[in-house]
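**Q** requesting a structural model of the entry that follows:
(chains A and B)
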Amino acid sequence: KAGVTQTPRYLIKTRGQQVTLSCSPISGHRSVSWYQQTPGQGLQFLFEYFSETQRNKGNFPGRFSGRQFSNSRSEMNVSTLELGDSALYLCASSPGQAGTEAFFGQGTRLTVV
Amino acid sequence: GEDVEQSLFLSVREGDSSVINCTYTDSSSTYLYWYKQEPGAGLQLLTYIFSNMDMKQDQRLTVLLNKKDKHLSLRIADTQTGDSAIYFCAEIRNRGSTLGRLYFGRGTQLTVWP
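**A** Take a look at the predicted model:
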């Protein structure tokens, strides 16, 4: 059974650009969540999608957005990149029922220069 | 407070037991998780426990839960150098019909000396 797949693994972008990250959850899982990991702030929740609908949202500006497709794959978009957006972005896959396992991908390392 | 708290560092000798501690905040029924992160990698789910349980054991890992004190611990028996990593404690909040939001501690850096 394949795990959670995030692409790309590494990304370098310039300030002001936009970026799209992709996450393919474990087969059969319908919930995808996104987290940002930085040395200063630790792991912070961005949003959760289930059945193509955003179900929970963290405290990030509107530049951070996401969507989920009918096959449960999810994308996260960050527009007008800032230096502070440099981080490891992690995606979590879950069956979707409350309180079950959440499996993470390897992450996408985004560097904004 | 609102934070999940963990001590930042722990050093042990190979073969000894490691105990990583965490305090959480949600007093209602909740799920609590332990994750492991190696350098340059994502989060590996080690185990999780529902708050109506006191203990869960899985091979070398033992999770103990003290609900009164909102204290969670992860014990690793016979610690090996390959266990060196950062360990995160997390709790679920904002539960509904989906997974909800995980709140993480800052992580405990476990160093195992040969």
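
**Q** could you use CA atoms for every contact and neighbour count after this?
**A** Will do.

**Q** downstream of the helix or strand containing A:R55, the next helix or strand is which one?
**A** Using DSSP states H and E, A:R55 falls within strand A:53-57. Using DSSP H and E, the helix or strand that directly follows strand A:53-57 along the chain is strand A:64-68.

**Q** got the angle for that next one vs strand A:53-57?
**A** Put simply, strand A:64-68 runs at 140 degrees to strand A:53-57, going by axes from the mean of the first three to the mean of the last three C-alpha atoms, to 10 degrees.

**Q** after strand A:64-68 comes which helix or strand?
**A** strand A:74-78.

**Q** and that next one, what does it pack against?
**A** strand A:19-24, strand A:64-68 (3 or more C-alpha pairs under 8 Å, 6 or more residues apart in numbering or on different chains; DSSP states H and E).

**Q** may I see the buried residues of it?
**A** For strand A:74-78, a neighbour-count test (16 or more other C-alpha atoms under 10 Å in any protein chain shown) marks A:74-76, A:78 as buried.

**Q** try stretch A:67-76
**A** Under the neighbour-count criterion of 16+ other C-alpha under 10 Å, stretch A:67-76 has A:67-68, A:72-76 buried.

**Q** same thing with stretch B:97-109?
**A** Quick answer for stretch B:97-109 (16+ other C-alpha under 10 Å): B:98-109.

**Q** export those as TSV, with columns for distance to chain A, secondary structure and pLDDT.
**A** Output for the buried residues of stretch B:97-109, formatted as TSV (distance: C-alpha to the nearest C-alpha, whole Å; DSSP: H, G, I helix; E, B strand; the rest coil; pLDDT from 0 to 100):
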residue	distance to chain A	secondary structure	pLDDT
B:T98	5	coil	78
B:L99	4	coil	78
B:G100	7	coil	81
B:R101	7	strand	88
B:L102	7	strand	91
B:Y103	8	strand	92
B:F104	6	strand	95
B:G105	8	coil	96
B:R106	6	coil	96
B:G107	8	coil	97
B:T108	12	strand	98
B:Q109	13	strand	98
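
**Q** out of those, which one sits closest to A:T20?
**A** B:R101 (22.1 Å; C-alpha to C-alpha).

**Q** wait, isn't the closest one in contact with B:L32?
**A** No. B:R101 lies out of contact with B:L32 (C-alpha atoms under 8 Å); the separation is 11.6 Å.

**Q** shared neighbours, the two?
**A** Shared contacts of B:R101 and B:L32, defined by C-alpha atoms under 8 Å, 6 or more residues apart in numbering or on different chains, comprise B:I92.
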